[in-house]
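>>> A structural model of the following input is requested.
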Amino acid sequence: MRRMPCVVILVALLAWAACAAFGSPSFRGYTGLVKIPTADTLNKGEFSFGAMTEDTSKFEANDLFANYGPADNMEIGFNSFQQVDSDTRETLLNAKYCFIPETEDKAGVACGLIDFTDEVEATAYTVASKSLARRANLFDSDVTSIRGHIGFAGGAINGLFVGVSAFAGNRIMFSAEWDSKDVNIGLRLTPMKGLRLHAALFDAGNSDKFGLGVSFTKTY
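The predicted model follows:
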């Protein structure tokens, strides 16, 4: 828990640039930041898919995922997951429902389940997401929609998790999170509509594993 203040400090240093599509996949497929889920979901009829490597020293396809929004405030998906340093691949089924959508005054709140068939470790969670500043100025640059995320989970996450994301313009998002064990830092670039390039530093300051990935989001 001693590294939790690093989340706020790192985002303050990085938040001079950032992308305003909230329902974007994490490295594990479900909408979120790097590893942690947020209260955001895909829109109804929207789908996403992608591939991620969580350690560029090996460049294994650790995450091959697809997600779909069958109804408002709901998403379902799967992730063909291979842990770093493992030869075993498991299919993890995920679902999330946002039962309190975010408004100007209220945080969005969602419940979800990661790996609900318990192939690796079933993880139930509740998470809240809220804009902390819809328009702010930092280092003489406009920063819009700085958002905070906080939740609690069992299973693989097993505890409190928090994150901050910052959006500026429509191309780049920076994020930092505490996933109950490690600090992860993320970058998300949108070179064209729907296409996103992902980069992340996992367990910053310790293992420093660097991940890369690509995803695409489109309405069916």
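
>>> pLDDT below threshold where in this protein?
Using pLDDT under 70 as the threshold, the predicted model of the chain has low-confidence ranges 1-22, 134-144, 169, 220.

>>> all strands of this protein, in order?
For the chain, strands defined by DSSP state E occupy the ranges 46-53, 63-71, 74-82, 89-100, 108-114, 123-138, 141-153, 159-168, 172-178, 183-192, 195-202, 209-219.

>>> Most tightly packed of those?
For the strands of the chain, ranked by mean neighbour count under the definition mean count of other C-beta atoms under 10 Å, the leader is strand 172-178 at a mean of 25. Where C-beta positions appear, they are placed from N, C-alpha and C, glycine not excepted.

>>> Contacts only, for Leu93.
Leu93 sits next to 76-78, 115-117 when contact means C-beta atoms under 8 Å, 6 or more residues apart in numbering.

>>> Tell me which of the strands of the chain sits nearest to Gly29.
Evaluated with C-beta to C-beta, the strands of the chain place strand 63-71 nearest to Gly29, the distance being 3.0 Å.

>>> Packing partners of the closest one?
In terms of contacts (3 or more C-beta pairs under 8 Å, 6 or more residues apart in numbering; DSSP states H and E), strand 63-71 is packed against strand 46-53, strand 74-82.

>>> Quick one: closest of those strands to Tyr30.
Comparing these against Tyr30 with C-beta to C-beta, the closest turns out to be strand 74-82 (6.2 Å).

>>> Go ahead and confirm Gly32 touches Ala39.
No. Using C-beta atoms under 8 Å, Gly32 is not in contact with Ala39, being 9.6 Å away.

>>> would you turn the helices and strands packed on strand 63-71 into JSON lines with distance to Tyr68?
Listed next are those as JSON lines, based on distance: least, C-beta to C-beta, whole Å:
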{"stretch": "strand 46-53", "distance to Tyr68": "5"}
{"stretch": "strand 74-82", "distance to Tyr68": "6"}
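
>>> Okay then, goodbye and thanks.
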